[in-house]
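Asker: no FASTA, just this:
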């Protein structure tokens with residue numbers, strides 16, 4: 001992405017777009033970000049992290065107690081070791097974040113890992129034989145089925161090579177050579193249901209990476225020009241019908257039907273982006289209704305403003321929608337970033353402190369609905385959740401080589417009886433795929449100590465589409481202490497709706513009675529103190 005060029009090139013073609021708009025609703029975040037925000041990533045605990053433009057600083061957006069990101073709060077996180085702008089970014093199966101490269105800044109030739117649990121960034125050295133001068137730059141990347149990351153550095157040590165980040169050893173190695181060409185600069189990748197990675201090369205041929213073979217193979221000719229005259233490509237997606245959809249920098253679009261094998265697929269032209277627009281870099285997001293929200297602009301330069309359209313795969317057509325503050329957004333499309341949120345909305349940043357949420361119309365796609373098969377407790381207090389479609393049917397939001405915001409991993413959301421919302425941290429997802437059908441997949445999730453005891457409705461969410469609810473109960477711990485002639489009973493004060501009861505008989509005819517007096521709160525604990533009766537007595541917390 002030649003940012004310096006973008007800042008000085010003047011618009012060559014006047015565009016006038018229609019002012020009749022449709023679609024969803026934009027809402028600004030109630031709190032402005034502490035800095036100008038570019039990249040957005042969704043962590044497996046339901047929070048969002050955002051990077052300051054071309055900087056080291058990161059910030060966390062935490063939804064409020066009712067699960068609202070609009071009313072969420074920002075907090076500062078640890079800073080990276082290097083400045084970066086336009087770089088590889090992936091959320092790993094262990095919940096950590098990998099970043100690599102940067103077209104601008106000091107990080108072009110290195111990578112870092114962020115651990116959200118310790119709030120620490122650690123530099124990951126890149127050994128000789130992987131990169132040459134210039135390093136990763138604005139490399140594209142994706143998580144593989146084994147949890148490793150495939151990246152395509154702009155400047156590999158061997159012409160045409162890719163790079164592999166090996167998660168278990170926290171190291172980089174040279175990856176398989178592309179089928180054609182020297183790099184994947186400005187390309188977009190799509191993960192298909194068979195886990196292969198589809199890309200369009202410059203020259204409009206396509207190829208795929210086959211993880212099981214660790215090899216790039218030839219695929220069909222696209223049949224039309226997709227890259228702009230500046231060599232740019234828009235985002236690309238897996239559609240609900242199983243086809244891949246590429247938004248061209250040229251204004252053309254293309255649809256690919258996969259075979260599910262190593263045989264070549266079939267390309268057909270999609271609808272041209274309306275009003276002469278194209279995408280000289282820009283974000284887009286697959287929404288829960290199956291439509292794609294697109295940020296487009298002038299196809300020959302990088303100038304403002306940005307226009308917004310929804311692509312409907314069923315109608316195979318585009319419809320213009322409003323931007324966050326009117327018909328357009330007065331920034332260049334390349335400055336935007338989109339992120340699918342677990343509540344079904346799309347978060348939008350544009351290199352500024354004001355961020356917006358887009359609420360799509362319609363309903364979540366039934367074809368993308370996860371299902372919970374079973375839930376089991378682990379010895380360490382965590383849980384294993386098994387089900388289908390836990391990773392969703394697409395990778396979420398996309399941009400291309402300059403930013404990866406993939407969110408095809410399960411989130412666990414709990415809602416209590418008064419509507420309070422909590423996200424538990426997921427990790428060790430058994431699948432990194434998409435559109436996994438009836439295949440049983442699993443995720444681990446923590447039981448947060450901050451979660452109040454009580455009854456919950458638990459759902460698993462993938463890219464804004466949630467499962468049917470599953471009953472989940474956290475029993476508070478009742479402590480009984482004998483102190484002289486008194487019995488002291490304590491339990492967590494945040495255990496809402498629980499009543500202390502007692503009985504003298506545990507048989508089938510046991511009668512439980514409420515214990516008086518009412519508890520008092522001492523250091524976060526409900527406390528009841530009574531005289532020892534002298535008779536056998538049993539206590540419980542009932543809800």
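Answerer: Great, that's in hand. Not measured: the values here are computed from a predicted model. Residues are numbered from 1 along each chain as shown.
Asker: please count neighbours and contacts with C-alpha atoms only from this point.
Answerer: Fine.
Asker: got the contact list for residue 438?
Answerer: By C-alpha atoms under 8 Å, 6 or more residues apart in numbering, the residues touching residue 438 are 388-389.
Asker: rerun at 6 Å
Answerer: Contact partners of residue 438, counting by C-alpha atoms under 6 Å, 6 or more residues apart in numbering, are residue 388.
Asker: which ones are touching residue 190?
Answerer: 197-198, 237.
Asker: make that residue 420, sorry
Answerer: 65-66.
Asker: swap in residue 433?
Answerer: Here residue 433 is in contact with residue 195 (criterion: C-alpha under 6 Å, 6+ apart).
Asker: kindly report the same for residue 465.
Answerer: 364, 369 are the contacts of residue 465 under C-alpha under 6 Å, 6+ apart.
Asker: which parts of the protein are helices?
Answerer: Ranges of helices within the chain are 3-8, based on DSSP state H.
Asker: domain-wise, how is it divided?
Answerer: In terms of domains, the chain is parsed into 367-390+408-474, 479-542 (source: automatic domain parsing).
Asker: for those, which one sits closest to residue 158?
Answerer: With respect to residue 158, and counting by C-alpha to C-alpha, the nearest of those is domain 367-390+408-474 at 28.3 Å.
Asker: so for the closest one, what's the average pLDDT?
Answerer: Here domain 367-390+408-474 scores 95 as its mean pLDDT.
Asker: quick one: end-to-end length of that domain, please.
Answerer: 31 Å (C-alpha to C-alpha, to the nearest Å).
Asker: got it, and stretch 495-508?
Answerer: The stretch stretch 495-508 measures 27 Å between its terminal residues, going by C-alpha to C-alpha.
Asker: please state the offset of it from the chain centre?
Answerer: Mean-position distance between stretch 495-508 and its chain equals 44 Å (C-alpha atoms, centre = their mean, to the nearest Å).
Asker: re earlier: most neighbours, which of the contacts of residue 190?
Answerer: residue 237 (27 neighbours; other C-alpha atoms under 10 Å).
Asker: quick check: that one vs residue 221, distance?
Answerer: Distance from residue 237 to residue 221, by C-alpha to C-alpha: 18 Å.
Asker: repeat that for residue 315.
Answerer: 25 Å.
Asker: do residue 206 as well
Answerer: According to C-alpha to C-alpha, residue 206 and residue 221 sit 6 Å apart.
Asker: out of these two, which sits in the busier spot?
Answerer: Applying other C-alpha under 10 Å to residue 206 and residue 221 shows that residue 206 carries more neighbours, namely 21 against 18.
Asker: from residue 153, how far off is that one?
Answerer: Residue 206 is 18 Å from residue 153, by C-alpha to C-alpha.
Asker: grab the longest strand from this structure for me.
Answerer: For the chain, the longest strand by residue count, based on DSSP state E, is strand 454-462.
Asker: same for that strand, what does it pack against?
Answerer: Applying 3 or more C-alpha pairs under 6 Å, 6 or more residues apart in numbering; DSSP states H and E, one finds that strand 454-462 contacts strand 411-416, strand 470-474.
Asker: taking those strands together, which one is wrapped up most tightly?
Answerer: Stretch with highest mean neighbour count among these: strand 411-416 (a mean of 23; mean count of other C-alpha atoms under 10 Å).
Asker: what's that strand packed up against?
Answerer: Counting by 3+ C-alpha pairs under 6 Å, 6+ apart, the packing neighbours recorded for strand 411-416 are strand 421-424, strand 454-462.
Asker: nearest to residue 141, of those strands?
Answerer: Of those, nearest to residue 141 by C-alpha to C-alpha is strand 454-462, at 20.3 Å.
Asker: hmm, who's touching that closest one?
Answerer: 391-392, 410-416, 466-467, 469-474.
Asker: redo that, cut-off 8 Å
Answerer: By C-alpha under 8 Å, 6+ apart, strand 454-462 touches 342, 370-372, 389-392, 407-417, 466-476, 495-497.
Asker: output the lowest mean pLDDT helix or strand found in this protein.
Answerer: For the chain, using mean pLDDT, DSSP states H and E, the weakest element among its helices and strands is helix 3-8, scoring a mean of 34.
Asker: burial of the nearest residue to residue 524 once chain neighbours are set aside, as a residue count?
Answerer: Spatial nearest neighbour of residue 524, chain neighbours left out: residue 493 (5.5 Å); criterion: C-alpha to C-alpha, 6 or more residues apart in numbering. Residues lying near residue 493 (other C-alpha under 10 Å) number 20.
Asker: need the per-residue pLDDT for residue 493.
Answerer: In this model, residue 493 carries a pLDDT of 89.
Asker: again, but for the one 10 residues further on
Answerer: In this model, residue 503 is scored at 94, pLDDT.
Asker: that one and residue 535 touch, don't they?
Answerer: No: with contacts counted by C-alpha atoms under 8 Å, residue 503 stays clear of residue 535, the gap being 10.4 Å.
Asker: check the gap between residue 516 and residue 345 for me.
Answerer: For residue 516, the distance to residue 345 - C-alpha to C-alpha - is 47 Å.
Asker: can you pull out the strands in the stretch 201-350 of the chain?
Answerer: Assigned by DSSP state E, counting those that start in this stretch, the stretch 201-350 of the chain shows strands spanning 205-210, 215-221, 233-238, 244-248, 253-257, 266-269, 284-286, 292-296, 306-312, 317-321, 328-329, 337-340, 346-349.
Asker: do the stretch 401-543 of the chain as well
Answerer: Taking DSSP E, counting those that start in this stretch to define them, one finds strands in the stretch 401-543 of the chain at 411-416, 421-424, 426-427, 441-445, 454-462, 465-466, 470-474, 479-483, 486-492, 499-503, 513-514, 520-522, 525-531, 538-542.
Asker: quick check: which of those strands is nearest to residue 256?
Answerer: strand 454-462 (23.7 Å).
Asker: can you report how many residues neighbour residue 150?
Answerer: The burial count for residue 150: 23, using other C-alpha under 10 Å.
Asker: what pairs with it across the strands?
Answerer: Judged by DSSP bridges, the bridge partners of residue 150 are residue 142, residue 164.
Asker: where in the protein is pLDDT low?
Answerer: Confidence mapping of the chain against pLDDT under 70 gives the ranges 1-22, 449.
Asker: rerun at 50
Answerer: 2-20 (pLDDT under 50).
Asker: check contacts around the residue nearest the centre of it.
Answerer: Nearest to the geometric centre of the chain sits residue 407, at 2.9 Å (C-alpha atoms, centre = their mean). Residues in contact with residue 407, defined by C-alpha under 8 Å, 6+ apart, are 42, 91, 340, 395-397, 462-463.
Asker: could you export the strands of the stretch 201-350 of the chain as a markdown table, including distance to residue 50?
Answerer: Shown next, in a markdown table, are the strands of the stretch 201-350 of the chain (distance: least, C-alpha to C-alpha, whole Å):
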| stretch | distance to residue 50 |
| --- | --- |
| strand 205-210 | 30 |
| strand 215-221 | 33 |
| strand 233-238 | 20 |
| strand 244-248 | 25 |
| strand 253-257 | 30 |
| strand 266-269 | 35 |
| strand 284-286 | 17 |
| strand 292-296 | 19 |
| strand 306-312 | 21 |
| strand 317-321 | 25 |
| strand 328-329 | 20 |
| strand 337-340 | 10 |
| strand 346-349 | 9 |
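Asker: tally of neighbours for residue 143?
Answerer: 22.
Asker: the residue nearest to it when sequence neighbours are not counted and residue 41: what is the separation?
Answerer: Nearest residue to residue 143 in three dimensions, chain neighbours excluded: residue 149, at 4.4 Å (C-alpha to C-alpha, 6+ apart). Remark: distance between residue 149 and residue 41 (C-alpha to C-alpha) = 16 Å.
Asker: just residue 77 next, same as before
Answerer: Counting by C-alpha to C-alpha, the gap from residue 77 to residue 41 is 13 Å.
Asker: what about stretch 27-39, distance to the chain center?
Answerer: Its chain's C-alpha centre and that of stretch 27-39 lie 17 Å apart, by C-alpha atoms, centre = their mean.
Asker: what's the residue lying closest to residue 305 once chain neighbours are set aside sitting at in phi/psi?
Answerer: Spatially, and ignoring its direct neighbours in sequence, residue 305 is nearest to residue 330 (4.5 Å; C-alpha to C-alpha, 6+ apart). For residue 330, the backbone dihedrals (degrees, to the nearest 10) come out as phi -80, psi 50.
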